[in-house]
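Colleague: Kindly generate the corresponding structure for this input.
(one chain, ligands or ions: 2)
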Amino acid sequence: MHRNPITIRRLTLRFPEACDPVIALGRPEESFLYVGLSLLLPHLEPYLIRSMVSAKPLLDGEGLVKDTEAFIGQESQHYKMHIQFNRCLDLQKYKGLQVLEDNLAADYNRYSETAALKFNLAYAEGFEAFTLAMTRWVFQTGLLDHVQPAARDLFRWHLVEEMEHRTVAFDVYQHISGSYVYRLWVGLFAQWHLCQFVLRVTQLMLRTERNDFRKKYGGRWCSFQRVGYLLWLALLYFIPKLLNTHMPWYSPHRIAMPVSAKAIADEYTEKARSGAR
Ligand SMILES: [Fe+2]
Ligand SMILES: [Fe+2]
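Modeller: Ligands and ions are numbered 1, 2, ... in the order given. Presented below is the predicted three-dimensional model:
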């Protein structure tokens, strides 16, 4: 059974004053997916926190309560840093992003106010299982290596902490409900819900760029030549890991933190300790 200490790191990351949303050089489609993810998190992570705060009084066992508090501590840092990063992104020309965000925020507020705690916790685990599969994919393939340094720093730190707290939402869900079938259906819904937001953001941004695309990035908008490698990597390294999370025997406790991820975690612990930017 794998568990890691969950460290709350209070980092100060520095972002450029005006950041081109094409954060992966020459790869607008991939960049806009990252932007979509970064716009999602300031809405999604506060919702996760509200769900875990509601679950906390129902938990017993000092270990799980402490892990839940650490989970809340890490997620609170994540979405605040994404808000800072999103403010630096030059997104004025992409009309319609705010409507997408407003609809998403309304969904999460409605879930917190009206849905059963069991649903909100299964949603949380659906997201956590998704990010764990994504984190393992990203670290395994070095996907962030070509992302500009400030954004890379943000995503590396965030993803490594997602790996650190990978067991918490699962354990809390198991404690409160434990139904596999319910976790499966709500988890699939959660992953569809968050992916459709990210894909709508990506599509809106690509369509906005459509007329200038050849001049700015070369080739047609949404070029298969450019996204083919990403789809191929996803097919090989992400989809199998994600499918595994939907199996009845899945447990994040069976997934060890790779040595390379531990080294990244240590690097950020040191940065937080020294106040380095
Ligand atoms: Fe997070
Ligand atoms: Fe998380």
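Colleague: can you list the weak-confidence ranges in the stretch 151-277 of the chain?
Modeller: Applying pLDDT under 70 to the stretch 151-277 of the chain flags residues 219-224, 276-277.
Colleague: can you give me the helices for it?
Modeller: 168-176, 180-208, 213-217, 224-233, 239-245, 259-274 (DSSP state H, counting those that start in this stretch).
Colleague: how close does residue 155 sit to ligand 1?
Modeller: Distance, residue 155 to ligand 1, using CB to the ion, to the nearest Å: 11 Å. Where C-beta positions appear, they are placed from N, C-alpha and C, glycine not excepted.
Colleague: residues near the nearest residue to that residue once chain neighbours are set aside, how many?
Modeller: Distance criterion CB to CB, 6 or more residues apart in numbering; nearest residue to residue 155, sequence neighbours excluded, is residue 144 at 5.7 Å. By other CB atoms under 10 Å, 18 other residues sit near residue 144.
Colleague: tell me the secondary structure for residue 144?
Modeller: Put simply, residue 144 is helix when judged by DSSP: H, G, I helix; E, B strand; the rest coil.
Colleague: State the mean pLDDT of stretch 93-104.
Modeller: The average pLDDT for stretch 93-104 rounds to 96.
Colleague: any idea how far residue 70 is from residue 243?
Modeller: To residue 243, residue 70 is 28 Å away according to CB to CB, to the nearest Å.
Colleague: no no, residue 74
Modeller: 26 Å.
Colleague: Would you mind naming what in the stretch 1-150 of the chain lies close to ligand 1?
Modeller: When proximity is defined as CB under 5 Å from the ion, the stretch 1-150 of the chain approaches ligand 1 at 75, 78.
Colleague: Nearest to ligand 1: which residue in the protein?
Modeller: Nearest to ligand 1, among the residues of the chain, is residue 78, at 3.6 Å (CB to the ion).
Colleague: give the contact list for residue 129.
Modeller: For residue 129, the contact set (CB atoms under 8 Å, 6 or more residues apart in numbering) comprises 170, 187, 242, 245, 246, 250, 252.
Colleague: Kindly report the same for residue 33.
Modeller: Residues counted as contacts of residue 33 (CB under 8 Å, 6+ apart) are 198, 199, 202.
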